[in-house]
Each structure stands twice: as structure tokens, then as C-alpha cells.
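Trainee: I need the structure of the sequence given here:
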Amino acid sequence: MLGARVSLPQIILMLIAAALMIALNTYVQKTSTGRAMRSIALDMTGSLLMGINVNAVITKTFSLAQIVESHRYLESNQQIGKIVVTV
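Mentor: Sure thing, here's the model as predicted:
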């Protein structure tokens, strides 16, 4: 027996992380915005020529990245329900 201990907050954070990964994958694979993200990643000029608003998609992509990063911050500090502001 290895004796690893996993607390309830850690289990909750792992479940939230798994749910976020599934949601992100579904978003990128199933939505028109996700299709546009993949298109821009492959060929930005071609995407512009096809009428994709590249700036709007890039803005949405960065917003989505901030949401994922905020979860990573909470997970690394194991802060559930608390926001810690340091100056």
C-alpha cells in the first residue's frame, strides 16, 4: 500500500478539471467558433478570404484561455470559493 492521501477539495478540483477539459474539447470540435479557431490555426490568410472575422475569434480564444487559466490558478493554490488578492 502506497499510502497516498487525497483530500475532498483535491477530488473536487480533479473533477472540475476533467469537466473543463471535456467542455473545452466539445467547444472546439462542435461549435462554429471552434471550427473558426481551427481554421485560423491552419491558415490565417485563407480564413480571412473565407470571411472569418479573425480578430473576433482571436479575442474569444484569449478570453477562453483566461477562464482556463483562472481555474489552473485556483487549482494550484487549492482555493475553493476564495479569491486571494496579493499586492
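Trainee: Buried by neighbour count: which residues of stretch 32-45 qualify?
Mentor: 33, 34, 36, 37, 39, 40 (16 or more other Cβ atoms under 10 Å). Where C-beta positions appear, they are placed from N, C-alpha and C, glycine not excepted.
Trainee: likewise stretch 8-15?
Mentor: So stretch 8-15, judged by 16+ other Cβ under 10 Å, has buried residues residue 13.
Trainee: Residue 68 and residue 17 touch, don't they?
Mentor: No. With contact defined as Cβ atoms under 8 Å, residue 68 does not reach residue 17; the gap is 9.6 Å.
Trainee: thinking again about what came up before, of the buried residues of stretch 32-45, which is the nearest to residue 8?
Mentor: The closest of the buried residues of stretch 32-45 to residue 8 turns out to be residue 34 (Cβ to Cβ; 33.3 Å).
Trainee: Now name the helix or strand holding that closest one.
Mentor: Per DSSP states H and E: residue 34 is located in helix 32-42.
Trainee: I'd like to know which elements that helix is packed against.
Mentor: With contacts taken as 3 or more Cβ pairs under 8 Å, 6 or more residues apart in numbering; DSSP states H and E, helix 32-42 sits against helix 8-30, helix 44-49, helix 54-77.
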